[in-house]
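Asks: A structural model of the following input is requested.
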Amino acid sequence: MNKIKILITDDHPFFRHGIKLLLSDSEMIGKIDEAGSGKSALEMLQKETYDLVIMDIKMPDLGGIEATQYIKRNFPSVKIIGMSMYDDKTYIAKMVRAGAKGYLLKSSGKDELLKAVEMVMKGEKYFSKEVSSALMNSIISDTFPGMSSFDDENVNLTKREREIIRMVAEEYTNVQIGENLGISPRTVDTHRRNLLQKLRVKNTAGLVKYALKNGILE
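Replies: Numbering: from 1, shown residues only. Just a heads-up that it's a prediction; the model follows:
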């Protein structure tokens, strides 16, 4: 089994070194590099192949959410775990929408960090307990903007509708969605408007919440 190549991206050297130290003695992990910014991470990905990026959320030149979006569109095989001081549902939802498969707090210990790396590399998702609680409380309390109280598990979506919701959640434009599905941007727009009515949500944020709640992003 090939060892995992990891890129740790954070603007605080002390934190990067700490994460590297926690991971360095694991037998499943090989090379570990560091990037001091989102922009540096993207430059390194152009030159080196990595399996996993551990991504800080807030950085001065290019934030982790924007960097994650770029990575998933240009290096789709690279897995991403978000790390932050914050368990705010907005950050969590944005990272998930951007393409992160895991989200940890910076207070996480070595065992949880290694578990997250292992699960994400297996194609699964991993969220720390605090993060899972924040996300589920948001879903249960219906605090995402744009979502009505409608919650009908019997709504049947076509394969095409599920594909469109997934790409909307990943912030693809109508043009990009159309190119991926072989349909016109106008047809994509029609599907989006029909989905808003069908799911009784008010806007794109409502579609994203529906996708999160029903496992469409998995």
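Asks: List the buried residues of stretch 203-214.
Replies: 204, 205, 206, 207, 208, 209, 210, 211, 212, 213 (16 or more other CB atoms under 10 Å). (Glycine included, C-beta is placed from N, CA and C.)
Asks: Once you drop chain neighbours, what's closest to the fifth one?
Replies: On the basis of CB to CB, 6 or more residues apart in numbering, the spatially nearest residue to residue 208 that is not a chain neighbour turns out to be residue 169, at 4.7 Å.
Asks: pretty sure the one you found is in contact with residue 97, am I right?
Replies: Yes - between residue 169 and residue 97 there is a contact under CB atoms under 8 Å: 5.2 Å.
Asks: Can you give me the neighbour number for residue 66?
Replies: Residues within reach of residue 66, counting by other CB atoms under 10 Å, total 16.
Asks: I should have written residue 114 there, sorry.
Replies: By other CB under 10 Å, the residues close to residue 114 number 17.
Asks: got the buried residues for the helix or strand harbouring it?
Replies: Per DSSP states H and E, residue 114 falls inside helix 110-121. Neighbour-count burial for helix 110-121, counted by 16+ other CB under 10 Å, picks out 113, 114, 115, 116, 117, 119, 120, 121.
Asks: Provide a list of residues in contact with residue 177.
Replies: Applying CB atoms under 8 Å, 6 or more residues apart in numbering to residue 177 gives the contacts 164, 167, 168, 185, 188.
Asks: Revised request: answer the last question for residue 35.
Replies: Going by CB under 8 Å, 6+ apart, the list of residues near residue 35 reads 7, 8, 9, 10, 41, 44.
Asks: Tabulate these (a markdown table), appending secondary structure, neighbour count and pLDDT.
Replies: Compiled in a markdown table, these are given as follows (DSSP: H, G, I helix; E, B strand; the rest coil; neighbours: other CB atoms under 10 Å; pLDDT from 0 to 100):
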| residue | secondary structure | neighbour count | pLDDT |
| --- | --- | --- | --- |
| 7 | strand | 23 | 97 |
| 8 | strand | 23 | 97 |
| 9 | strand | 29 | 96 |
| 10 | coil | 27 | 94 |
| 41 | helix | 28 | 95 |
| 44 | helix | 16 | 96 |
